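Trainee: could you work out the structure for the sequence below:
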Amino acid sequence: MQSTSNHLWLLSDILGQGATANVFRGRHKILSVLHVSDYT
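Mentor: Residues are numbered from 1 along each chain as shown. Okay, here's the model as predicted:
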């Protein structure tokens, strides 16, 4: 699995290949967690 600060992707989840790059299916990372106690 590869990642950046905001995204994750698997090298096996390739969607396409071009002359100079590969395109992978990416996923957003969860940047914060909401707690129910914050809203009650």
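Trainee: below-threshold pLDDT in this protein: ranges please.
Mentor: Low-confidence regions of the chain, defined by pLDDT under 70, span residues 31-40.
Trainee: those strands in it, which residues are they?
Mentor: 2-3, 7-17, 22-28 (DSSP state E).
Trainee: adding mean neighbour count, write those strands out as CSV.
Mentor: C-beta here means a position set from N, CA and C on the backbone, and glycine is covered the same way. Output for these, formatted as CSV (neighbours: other C-beta atoms under 10 Å):
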stretch, mean neighbour count
strand 2-3, 10
strand 7-17, 11
strand 22-28, 12
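Trainee: and the residue nearest the centre of this protein?
Mentor: Arg27 (2.5 Å; C-alpha atoms, centre = their mean).
Trainee: excluding its backbone neighbours, what's nearest it?
Mentor: Leu8 (4.8 Å; C-beta to C-beta, 6 or more residues apart in numbering).
Trainee: can you pull the contacts of the one you found?
Mentor: Met1, Gln2, Gly26, Arg27, Lys29 (C-beta atoms under 8 Å, 6 or more residues apart in numbering).
Trainee: hey, what's it bridged with?
Mentor: Ser3, Arg27 (DSSP bridges).
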